[in-house]
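> what's the 3D shape of this:
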Amino acid sequence: MHVPAELEALRRDHTLQRRAQSAVQAGLAQWQDRCGYPALLEDLAGFAAGAGIDGLPRLASLFAAGSTAPQELVGELVRVLTAQLAEQPLGHVPLRHHSDAVITSLLLARSGGATLSLEAIDGAELARCPAPVSVSFSPSETWEYVLAGSARIDRFRLGMTRGDYAELHRDAIDLAAGMVSHRDGAGEALMLRSVPRSLITLKLQRRPGRGVVVREYALADGRLLHEAAAHSQDSRLELAAALLGRMGRNDAAPLLAAMALEPGGRSLRWQALRECLGLDSVVGFAAVSRLAGRTADPLAAPAAALRQQLLATYPQLAALA
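Numbers count the residues shown, from 1 in each chain. This next block holds a predicted model:
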């Protein structure tokens, strides 16, 4: 196997890699100094805490129609890093990044649940993807500025819901450089239809808090296909509750009952209640009864229905009421 001389040198002396990486890191620090990174992070922290973008001057300048601030921010980053990588080709860009067949993203800044990232869409790879059959609504707030390229997208708006079905309103939009978009993902979703070459955007996103869900609907008839926790912490807790149930940890029943009764996401609380019932029927039935009596709780109605079902199946539970 042929090993290039540069890689062979790295195998012999690891200080070469450290030196290359230090140079690229220094380039990133130069960009942060020039772009006013501390002020950007301060605004991002305010956005994560719930502030509107209008009261955050640095972020507002990045997502104002006709502004040159986005091109200056990203252009300076590209100039600095490409210069460093030209001199140190074995260095790595010291920013979190992700790439698949269609989308490549580079995380420029993060504070709490807010992120600022650079995103590129490969139009040729997008064209090879199968036609979508569903659309998801995630309750996050997103701002996007089109830096370069163009695209045709479908915008979906969530209409009235009836049981497990929802009205989906679709309209086509053409994106071009300089355009700014803002959406609340709980009721609006964007789907790429075609990208002639590539699409480069600057994206600001605020993740939702705990207790909310992502909903996926079929494009054909608006049928609800799937619900999932929108916050990673809720997902982890649901998995933990399910694991305690599979392990038969009866001692965890009081904890699961407390999770079911405390404020939080409906899915997480219901999962905790189910596992609690499976581990300890006395503790679980008491939690079901308490939930059923909370008229203002969104789980009151299903808990009341479950309580009646349990009493009909196991009449001896009436002694616990």
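> from here on, contacts and neighbour counts on C-alpha atoms
OK.
> need the pLDDT of residue 10.
Residue 10 carries a pLDDT score of 68 in this model.
> tell me the buried residues in the lengthiest strand in the chain?
Counting by DSSP state E, the longest strand found in the chain is strand 141-162. For strand 141-162, the neighbour count (16 or more other CA atoms under 10 Å) marks 141-158 as buried.
> average pLDDT across that strand?
For strand 141-162, mean pLDDT is 94.
> what about the strands in this protein?
According to DSSP E, the strands that the chain contains are 97-99, 103-111, 114-122, 134-137, 141-162, 165-176, 180-184, 188-194, 198-206, 213-218, 224-229.
> could I get the ones you listed as CSV with distance to residue 240?
Listed next are the strands of the chain as CSV, based on distance: least, CA to CA, whole Å:
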stretch, distance to residue 240
strand 97-99, 28
strand 103-111, 27
strand 114-122, 26
strand 134-137, 25
strand 141-162, 28
strand 165-176, 30
strand 180-184, 30
strand 188-194, 30
strand 198-206, 26
strand 213-218, 18
strand 224-229, 14
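> okay, now the unreliable bits of the chain?
Along the chain, the model assigns pLDDT under 70 to residues 6, 10-11, 13, 209-211, 229-232, 321.
> hang on, residue 268 packs against residue 234?
Yes. Under the criterion of CA atoms under 8 Å, residue 268 makes contact with residue 234 at 6.4 Å.
> can you pull out the helices in this protein?
5-12, 15-34, 37-48, 57-62, 69-87, 123-128, 232-246, 253-261, 266-279, 281-292, 300-313 (DSSP state H).
> how about residues contacting the fourth one?
The list of residues contacting helix 57-62 from outside it, by CA atoms under 8 Å, 6 or more residues apart in numbering, reads 39-40, 43-44, 53-54, 67-70, 145.
> re earlier: what pairs with the longest strand of the chain, parallel or antiparallel?
strand 165-176 (antiparallel), strand 180-184 (antiparallel), strand 188-194 (antiparallel), strand 198-206 (antiparallel) (DSSP bridges).
> nearest to residue 7 among these would be which one?
Nearest to residue 7 among the strands paired with strand 141-162 is strand 198-206; the distance by CA to CA comes to 32.6 Å.
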